[in-house]
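J.: after the sequence you'll find the predicted model.
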Amino acid sequence: MSAVPARARTGAVALSLRPATHLFHRNWLVYKRIWYRSLFFGFLQPFMFLAAMGLGVGALLARSNPTAFGPVGYIGFLGPGLLGATVMQTASFESTYPIMNKIMWGRNYEAILSSPLSTRNIVLGELGWIAFRIASIATIFLTVLVIFGIARSPLAVLAIPVAGLTGLGFASWLIAFASTQLNDIGFSWVYRFVINPLFLFSGTFFPLTQMPQAVQVFAWLTPLFHGVELLRGLILGSLDLGTAPWHLAYLLAFFGIGLLLADRSLARRLAS
């Protein structure tokens, strides 16, 4: 008897998600004009970064302390961390100025709401689009890591959904934040005091074990650290099964809370 309600619930979820695909399609129609340039720079950026810092700086570090980063070397340590940082930066870009433009300057959402779509459909559609962008960039980035010989485990393919979850967490919170802003000044504060510090102090460029205990505790409270730890473990084949569930649970909770906030904030903004 429980099978019928279960099918009904599944159908209801499918019906609630279907309108969001229209917004995804709208974003794709805009993006398809420049997709090749986006993918090209998505390949060029990590390639040049790893060549300059991974090989260049890595060679200098290897001379001073050959065993500092173990058998993977500095480039092996740096690559997965850069993937996590790139995902965060991509999500922050896609969920700040473009969202504000559709709320205030272009008033796209105002036009969309005159159709059967709701604010929840808008949130889900935007997050679906951002997930697609992040998955595309993560796939290209992972290809670069394979070229450099950094990916050492078949589990590396799981880095793509983990990258997507990490990026969606940031995107959902920033959509919620963008929905409360009357101008773009707040974005400068977010980039300066949130994105940049996380980029530097979440285990991207150096092991946090070298930092003071207070910094290590701070890193454990940040979402990028948990994303980087999972990505590095999957790509290098060094995943710690004891801590991995905690990292994953953190990212899921981070995204879940952000999704609720984005839904409420955007609905309140567009209703005002």
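T.: Nice, I can see it. Because the structure is predicted, anything quoted here is derived from the model rather than measured. Numbers count the residues shown, from 1 in each chain.
J.: and the residue most central in space within the chain, what does it touch?
T.: Centroid-nearest residue in the chain, with CA atoms, centre = their mean: residue 167, separated by 1.5 Å. Taking CB atoms under 8 Å, 6 or more residues apart in numbering, we find residue 167 in contact with 87-88, 90-91, 130-131, 134. Placement of C-beta: from N, CA and C, glycine included.
J.: cool, residue 178 as well?
T.: Residue 178 makes contacts with 95-96, 99-100, 103, 187, as judged by CB under 8 Å, 6+ apart.
J.: how far away is it from residue 71?
T.: Distance check for residue 178 against residue 71: by CB to CB, to the nearest Å, it reads 43 Å.
J.: all helices of the stretch 151-272 of the chain, in order?
T.: Using DSSP state H, counting those that start in this stretch, the helices found in the stretch 151-272 of the chain span residues 159-178, 185-190, 196-200, 213-220, 223-236, 244-271.
J.: average pLDDT for stretch 103-120?
T.: Across stretch 103-120, the average pLDDT comes to 91.
J.: so where is this protein shaky, pLDDT-wise?
T.: For the chain, the stretches flagged by pLDDT under 70 are 1-16.
J.: strands along that one, start to end?
T.: For the chain, no strands are identified by DSSP state E.
J.: quick check: of the contacts of residue 167, which has the highest neighbour count?
T.: Highest neighbour count within those: residue 87, with 31 neighbours (other CB atoms under 10 Å).
J.: doesn't residue 134 make contact with that one?
T.: Yes: proximity of residue 87 to residue 134 meets the contact threshold set by CB atoms under 8 Å, at 5.6 Å.
J.: now the common contact residues for these two.
T.: 163-164, 167.
J.: of the residues you listed, closest to residue 111?
T.: Closest to residue 111 out of the shared contacts of residue 87 and residue 134 is residue 167 (27.1 Å), distances taken as CB to CB.
J.: distance check, the residue nearest to the centre of the chain against residue 72.
T.: Look at residue 167 and residue 72: by CB to CB, they are 24 Å apart.
J.: same question for residue 93.
T.: Using CB to CB, residue 93 is found at 29 Å from residue 72.
J.: ok, residue 170 next?
T.: Taking CB to CB, one finds residue 170 at 26 Å from residue 72.
J.: of those two, who's got more company?
T.: Shown here are residue 170 and residue 72; by other CB under 10 Å, residue 170 has more neighbours (28 against 19).
J.: isn't that one up against residue 88?
T.: Yes: distance between residue 170 and residue 88: 5.4 Å, which falls inside the contact criterion (CB under 8 Å).
J.: okay, now the closest residue to residue 151 other than its chain neighbours: neighbour count?
T.: Leaving aside its sequence neighbours, residue 151 sits nearest to residue 145 (CB to CB, 6 or more residues apart in numbering; 4.7 Å). By the criterion of other CB under 10 Å, residue 145 has 26 neighbours.
J.: quick one: residues contacting residue 145.
T.: Contacts of residue 145 (CB under 8 Å, 6+ apart): 46, 50, 79-80, 83, 151, 156, 235.
J.: residue 68 now?
T.: Per CB under 8 Å, 6+ apart, neighbours of residue 68: 61-62, 74.
J.: if you set the cut-off to 7 Å instead, what comes out?
T.: residue 61 (CB atoms under 7 Å, 6 or more residues apart in numbering).
J.: phi and psi next, for it.
T.: phi -60, psi -40 (degrees, to the nearest 10).
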